[in-house]
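> One predicted model, sequence on top.
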Amino acid sequence: MSLVKNTNCASSTDALGSAAFESVALEVAHALNAQFYTDDYWLQHEQKHVFGASWQLAAHGGDLLAAGDHVVCDIAGKSVLIVRGEDTGLRAFHNVCRHRAGPLALCNGRNAKALQCRYHGWTYGLDGQLRSAPEMHEAQDFVLADIRLDRIRVQQWQGLVFVALSEHAPDFAEVYSGIAERIHSLDLGTLQFARRMSYEMDCNWKVYVDNFLEGYHLPHVHPGLNRMLDYRAYTTELATWHSLQHSPLRNPDGIYADGDAFYYFVYPNIMLNIMPGRMQTNRVIALGTNRCRVEFDYYYVAVDDMQDRAQKDLQFSDEVQHEDIAICEAVQRGLSSGSYEAGRLCPKRESGVWHFQNLLRAAYRNGISQA
């Protein structure tokens, strides 16, 4: 998606007023204005200035083990191709041929020797360099060596693969700083992928993220999860680009081993839910102003009872997700009612929401300044 014209930008921002974009101290903070969740303009804005300007979870390293293994994914509305090169390095490209914009791949694959456009057969090496262009011998000043695929930043971390469309996205190490060190007892890169579950719901993607970022609703929405976590010891910690909600596990019920629950949120739309012996990644994808999809990938330590634990985990997680979907859809209806004015945040329980919404406000201001 591209940004709408400046006149639409002006009307959208003027309707909100400058205070809606200001970051203030948590103790006096209000939630985001409802229009950010209901006005189509802001979703268009977010595609470029939020999703397109940040590191996005794109694949698992297990999908890219050998030279020629490749993954096709949608990032901020753009098709991206990630490939393992002959030198074992990862590269990411816009999935767009430099000839007439045909796709280089339509789906994930293994052991490709080259990348060939599905439209006219132009062929590129795994490093993105054009190798051959059928019947182009009569084109004057046409030099194969001058043509390369448009590259995108890519990073592998703890078995997960990320891409950033913008060269101005923050340094990856800064974004994920401290996470692996905090959970050093669990090597995320050794976990085995078990399955993916996807949920679609009728709410803005930010409603789902807001909901994830606070334990305030646990006693009222999640009776089963509330019994498992220690609400009195539930804490939130903030970093520059991520936040952590942490709680001891007090009644794991055979689903998890004894230990702690770590709920990491990495701006703008990635969650890492880490329990003893298990990680669940969530990727929140905007499907429209009032609709989103959340992809859940489950990873486990390879032990004899992994399948049994995974099945119990899936059943419990599914119960929690349906509780979240019901409340998120109800919140979206409230935001769309025309009767809601942004309410005060709870400093004790909603610092994660405040942190996320301030990062969004900064992205909105940056986008408006470029409009």
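The structure has been received and is ready for your questions.
> so how far is stretch 358-371 off the chain centroid?
Centre-to-centre, stretch 358-371 and its host chain are 19 Å apart (CA atoms, centre = their mean, to the nearest Å).
> For that stretch, C-alpha coordinates in CSV please.
Coordinates of the C-alpha atoms in stretch 358-371 are reproduced here as CSV (Å, rounded to 0.1, in the frame of the first residue of the first chain):
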residue,chain,number,x,y,z
ASN,A,358,4.4,5.6,22.2
LEU,A,359,6.5,3.7,19.6
LEU,A,360,3.5,3.9,17.3
ARG,A,361,3.0,7.6,18.0
ALA,A,362,6.7,8.2,17.0
ALA,A,363,6.1,6.2,13.7
TYR,A,364,3.0,8.2,13.0
ARG,A,365,4.8,11.5,13.6
ASN,A,366,7.7,10.4,11.4
GLY,A,367,5.4,9.4,8.6
ILE,A,368,3.4,12.7,8.7
SER,A,369,6.6,14.7,8.5
GLN,A,370,7.5,12.8,5.3
ALA,A,371,4.0,13.2,3.7
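> List the buried residues in it.
Buried residues in stretch 358-371, defined by neighbour count with 16 or more other CB atoms under 10 Å: 358-361, 363-365, 367-368, 371. In this view, the C-beta of every residue, glycine as well, is placed from N, C-alpha and C.
> Could you do stretch 249-264 as well?
Buried, per 16+ other CB under 10 Å, within stretch 249-264: 249, 255-256, 260-264.
> To be precise, which single item in those has the lowest pLDDT?
Among those, residue 255 carries the weakest pLDDT, at 81.
> how close does it sit to residue 193?
Using CB to CB, to the nearest Å, we find residue 255 at a distance of 19 Å from residue 193.
> what's the answer for residue 283, then?
As defined by CB to CB, residue 283 lies at a distance of 14 Å from residue 193.
> Give me the nearest residue to residue 75, chain neighbours excluded.
residue 56 (5.0 Å; CB to CB, 6 or more residues apart in numbering).
> related to what we said a few turns ago, ok, of the buried residues of stretch 249-264, which one's closest to residue 228?
Nearest to residue 228, judged by CB to CB, of the buried residues of stretch 249-264 is residue 249 at 6.1 Å.
> can you count the residues close to the residue lying closest to residue 277 once chain neighbours are set aside?
Excluding its sequence neighbours, the residue lying closest to residue 277 (CB to CB, 6+ apart) is residue 301, at 4.3 Å. By the criterion of other CB atoms under 10 Å, residue 301 has 16 neighbours.
> for residue 182, same thing?
Residue 182 has 13 neighbours, counted by other CB under 10 Å.
> swap in residue 76?
By the criterion of other CB under 10 Å, residue 76 has 21 neighbours.
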